[in-house]
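In: okay, sequence plus prediction incoming.
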Amino acid sequence: MTLKLDYAFDMNYDYDYTINGIPIAYSNIVIEGNNPTLNMNGLGFLFNVINSNMNISNLNIKNTRATAILLKVPI
């Protein structure tokens, strides 16, 4: 995935994504940011990563509520 623009999360449109994070489960994903900024506006976290390989480069993530990326490993 390649990002091209800055984005600010909005409670009216992005609520479900910010509460649970964008799910990435049992996969390999590469995100090339091209230096944009994702502004979470204090709404939550961005990615909910479950047992996956994830490579993020050149991406700015700011104003998360707690953490930008939540990592989970099934027991």
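Out: In hand now; what should we look at? Numbers count the residues shown, from 1 in each chain.

In: ends of stretch 32-39, what's the gap?
Out: Its first and final residues considered, stretch 32-39 spans 17 Å by C-alpha to C-alpha, to the nearest Å.

In: revised request: answer the last question for stretch 30-44.
Out: Note: stretch 30-44 ends 22 Å apart using C-alpha to C-alpha.

In: distance from that stretch to the middle of the chain?
Out: 7 Å (C-alpha atoms, centre = their mean, to the nearest Å).

In: in that stretch, what counts as buried?
Out: Burial within stretch 30-44, assessed by neighbour count using 16 or more other C-beta atoms under 10 Å, is assigned to I31, G33, L38, N39, M40, N41, L43, G44. Using the backbone N, CA and C atoms, a C-beta is placed for each residue, glycine as well.

In: nearest to I19 among these?
Out: The closest of the buried residues of stretch 30-44 to I19 turns out to be G44 (C-beta to C-beta; 5.5 Å).

In: how near is that closest one to K4?
Out: Distance, G44 to K4, using C-beta to C-beta, to the nearest Å: 23 Å.

In: following element in sequence after the lowest-mean-pLDDT helix or strand in the chain, please.
Out: Lowest on mean pLDDT, DSSP states H and E among the helices and strands of the chain sits helix 11-20, with a mean of 81. Tracing the chain past helix 11-20, the next element assigned as helix or strand by DSSP states H and E is strand 22-25.

In: quick one: mean pLDDT over the next helix or strand after that following strand.
Out: Sequence-wise, the next helix or strand downstream of strand 22-25 (DSSP H and E) is strand 28-32. In this model, strand 28-32 has a mean pLDDT of 92.

In: show me what strand 28-32 is packed against.
Out: strand 53-57 (3 or more C-beta pairs under 8 Å, 6 or more residues apart in numbering; DSSP states H and E).

In: got the angle between the strand it packs on and strand 28-32?
Out: 0 degrees (axes from the mean of the first three to the mean of the last three C-alpha atoms, to 10 degrees).

In: mind listing the strands strand 53-57 pairs with, and their directions?
Out: strand 28-32 (parallel) (DSSP bridges).

In: what helices or strands is the next helix-or-strand element following the partner strand leaning on?
Out: Remark: after strand 28-32, the chain's next helix or strand is strand 37-39, criterion DSSP H and E. Using 3+ C-beta pairs under 8 Å, 6+ apart as the contact test, the elements touching strand 37-39 are strand 7-8, strand 60-62.
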